[in-house]
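[1] need a 3D model of the following:
(chains A, B, C and D)
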Number of protein chains: 2
Amino acid sequence: MNVLEKIVNNVNSFSKSERKVADVILANPQITIHSSIAALAKMADVSEPTVNRFCRRLDTKGFPDFKLHLAQSLANGTPYVNRHVEEEDGPEAYTAKIFESTMAALDTARTRVDINTINRAVDVLTQAKKISFFGLGASASVAHDAQNKFFRFNVPVVCFDDIVMQRMSAINSAEGDVVVCISHTGRTKNLCDIAAIARENDATVIGITSYESPLAKECTLVLSLDVPEDTDMYMPMASRVAQLVLIDILATGFTLRRGSKFRENLKKVKDSLRGSRFEKKDLAN
Amino acid sequence: MNVLEKIVNNVNSFSKSERKVADVILANPQITIHSSIAALAKMADVSEPTVNRFCRRLDTKGFPDFKLHLAQSLANGTPYVNRHVEEEDGPEAYTAKIFESTMAALDTARTRVDINTINRAVDVLTQAKKISFFGLGASASVAHDAQNKFFRFNVPVVCFDDIVMQRMSAINSAEGDVVVCISHTGRTKNLCDIAAIARENDATVIGITSYESPLAKECTLVLSLDVPEDTDMYMPMASRVAQLVLIDILATGFTLRRGSKFRENLKKVKDSLRGSRFEKKDLAN
DNA sequence: CGCATTCTGTAATTTAATTACAAGATCTTC
DNA sequence: GAAGATCTTGTAATTAAATTACAGAATGCG
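    Numbers count the residues shown, from 1 in each chain, chains lettered A, B, ... in the order given. Below is the predicted model:
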């Protein structure tokens, strides 16, 4: 439990001097963690042992241990918060807000994602005869990114952002094929159809979508992130970043499953890009 | 800055004994904060002053101060210090690591990005007669995403991931046109050519790329993120997420600059998607 | 009012951390 | 490849910090 809260809660059970200590600490927590017991005693106008007793009362081993707990409480105080961009925000403000809300979204996604499902998805992907990534609109770029990643693995992989192509591809799918449908809301009708068609043709369908959405119902495996989206901007932002990170995770799981020998393959792909580049190594585009 | 990251980043500048200390701390951060300098010295099999020197090298006042910083780092929820995915990592481990390293990358990007340049880029984009997004390989999906965003603004926007199309498009550009070239390394020859051609034809070229890269030299405006990329995986991951967030920022800046009336336009675009969806509102795909 | 209990401070003690210094290792340069 | 220089590292001494023991106040209760 947070030490600061603990102090506030127990404030009544303190003695007069202990209360003086509590007040000083609550007023200057940042200063406290960088003070010695002597300095703090002076600030609170009490003796050093009183400070020490105060710390013990809060179930810490002593003053240094108390400072440690206090430091942690302070650090926990301001995690990533989802801050909304407002009309009058200047460049510093909206830049900071977007970075922070994206990080907040990833933080949420991290706790909500189901590791088990990830593991099963990786299983399915490593054994796939063919992998297809389908997405529409904003999710199309996520699908493209996924293709770019899995393509490096030298696995048959396709990606379509065209409904007709998706449909044809889905109809031609067969057992052992994996179809990954990407949609934040999971309510895009066309994509639900695609998922249904693929399933009817015995493909395994992985949905990167919202839990309990119409699309989710059509899938064999659902990877849901349920990231809070700032709808003020009328654009998908954080949700799509979370989807990309999920793709990274699946791709990483894939390479790990394939073992170290496989990694050499990746290096070859990376090295192949060298010719198109100006000196120096490195792979990203 | 996070002490744990600092240790990981500076691991090369450490001496042999200091490195032993670093290893022990990274392996047992929780134990470290509850140990005395003597205990830690013993664990690392070095002398106490060595531990002290190690702490000083990390810009802390000494061992107790170092423990305070470490406690705060741990409180922020970073159990996986070594964020690099390793061969033997299970699904929980690599999932957590990828989320964390992506968040860390965004945190770095946030501090490194130049707000002034962002502001100028937004300026240029709002006044553009036409906007083009060009990227190759992994950056192509970022370009697609950017197109999807800016397309909603009802501005002439194109996006090509084909060198020939990019080239033709660049040659046809004119004053008032804005070309955005996306490349993490900034060393993709073809894209450098495109940037040069666009500039020769009086277009404004914005580079989302590494600072001081060949591509950066060809650009009117350079938006560099300089995110550390984990090259172990031979795939661009964190860098590309940072690029996307940058696109979000530019798009947000764009809408804010255009004022509230413009926002209604966005709502219209969003609403137009409703027909393709199953009940409920919301826009993302 | 006086005894008992709790609280608080002084001083002593212990423990921990830091500094000073010297020996050892490593790296250069001739 | 040896001599000098520089950088590392450990031992021992010193200093600083925290804790304990104890005693004197304060407060509460009969």
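[2] any idea how far DNA strand D is from A:Gln243?
    45 Å (CB to the nearest atom of the strand, to the nearest Å). (Glycine included, C-beta is placed from N, CA and C.)
[3] quick one: that residue is in a strand?
    No - applying DSSP: H, G, I helix; E, B strand; the rest coil, one finds A:Gln243 to be helix, outside a strand.
[4] that one: neighbouring residues, count only.
    By other CB atoms under 10 Å in any protein chain shown, 30 other residues sit near A:Gln243.
[5] same question, A:Ser47
    Neighbour tally, A:Ser47, other CB under 10 Å: 14.
[6] quick one, grab the pLDDT at it.
    The per-residue pLDDT reported for A:Ser47 equals 84.
[7] so who does the residue nearest to it when sequence neighbours are not counted touch?
    Of all residues not flanking A:Ser47 in the chain, A:Ala41 sits nearest, at 5.8 Å (CB to CB, 6 or more residues apart in numbering or on different chains). For A:Ala41, the contact set (CB atoms under 8 Å, 6 or more residues apart in numbering or on different chains) comprises A:Ser47, A:Glu48, A:Thr50, A:Val51.
[8] and if you look at A:Ala44?
    A:Ser17, A:Lys20, A:Val21, A:Asp23, A:Val24, A:Thr50, A:Val51.
[9] which one of the residues you listed is nearest to chain B?
    Chain B lies nearest to A:Val51 out of those, by CB to the nearest CB, at 15.8 Å.
[10] now render the contacts of A:Ala41 as CSV, adding secondary structure and distance to A:Asn116.
    Listed next are the contacts of A:Ala41 as CSV, based on DSSP: H, G, I helix; E, B strand; the rest coil; distance: CB to CB, whole Å:
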residue, secondary structure, distance to A:Asn116
A:Ser47, coil, 56
A:Glu48, helix, 53
A:Thr50, helix, 52
A:Val51, helix, 48
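[11] quick one: which of those has the most company?
    Ranked by neighbours (other CB under 10 Å), the contacts of A:Ala41 are led by A:Val51, which has 29 neighbours.
[12] buried sites along stretch A:126-135?
    Neighbour-count burial for stretch A:126-135 flags A:Thr126, A:Ala128, A:Lys130, A:Ile131, A:Ser132, A:Phe133, A:Phe134, A:Gly135 (criterion: 16 or more other CB atoms under 10 Å in any protein chain shown).
[13] count residues in the vicinity of the nearest residue in space to A:Glu5 that is not next to it in sequence, would you?
    Closest residue to A:Glu5 apart from its sequence neighbours, by CB to CB, 6+ apart: A:Ser73 at 7.7 Å. Residues lying near A:Ser73 (other CB under 10 Å) number 21.
[14] ok, A:Ser73 touching A:Ile25?
    No - when contacts are counted by CB atoms under 8 Å, A:Ser73 is not listed as touching A:Ile25 (10.7 Å).
[15] ok, for A:Thr108, nearest residue in space, not its chain neighbours?
    A:Val227 (5.7 Å).
[16] hmm, back to that, in a markdown table: the contacts of A:Ala44, plus secondary structure, distance to DNA strand D and pLDDT.
    Listed next are those as a markdown table, based on DSSP: H, G, I helix; E, B strand; the rest coil; distance: CB to the nearest atom of the strand, whole Å; pLDDT from 0 to 100:
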| residue | secondary structure | distance to DNA strand D | pLDDT |
| --- | --- | --- | --- |
| A:Ser17 | helix | 11 | 77 |
| A:Lys20 | helix | 13 | 82 |
| A:Val21 | helix | 12 | 82 |
| A:Asp23 | helix | 18 | 82 |
| A:Val24 | helix | 15 | 82 |
| A:Thr50 | helix | 9 | 86 |
| A:Val51 | helix | 8 | 84 |
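[17] buried subset of these?
    A:Ser17, A:Lys20, A:Val21, A:Val24, A:Thr50, A:Val51.
[18] of those, which is the nearest to B:Asn201?
    A:Val24 (67.2 Å; CB to CB).
[19] picking up where we left off before, so the residue nearest to A:Thr108 lies in a helix, does it not?
    No - under three-state DSSP, A:Val227 sits outside any helix and is assigned coil.
[20] quick one: residues in contact with the helix or strand harbouring A:Asp123.
    If you go by DSSP states H and E, A:Asp123 is part of helix A:115-126. With CB under 8 Å, 6+ apart as the test, helix A:115-126 has contacts from A:131, A:150, A:178, A:204, A:206, A:220-223, A:249-250, A:253-254, A:257-258, B:91-92, B:95.
[21] inside strands: which ones of those?
    Using DSSP state E, A:Ile131, A:Val178, A:Thr204, A:Ile206, A:Leu221, A:Val222, A:Leu223 are the members of those that sit in strands.
[22] run a quick neighbour tally on the fifth one.
    Looking back up the chat, that one is A:Leu221. With other CB under 10 Å as criterion, A:Leu221 counts 19.
[23] next: the third one.
    Counted with other CB under 10 Å, the burial measure for A:Thr204 works out to 24 neighbours.
[24] pLDDT wise, what is it at?
    94.
[25] can you pull the contacts of it?
    By CB under 8 Å, 6+ apart, the neighbours of A:Thr204 are A:Val124, A:Ala128, A:Asp177, A:Val178, A:Val179, A:Thr220, A:Leu221.
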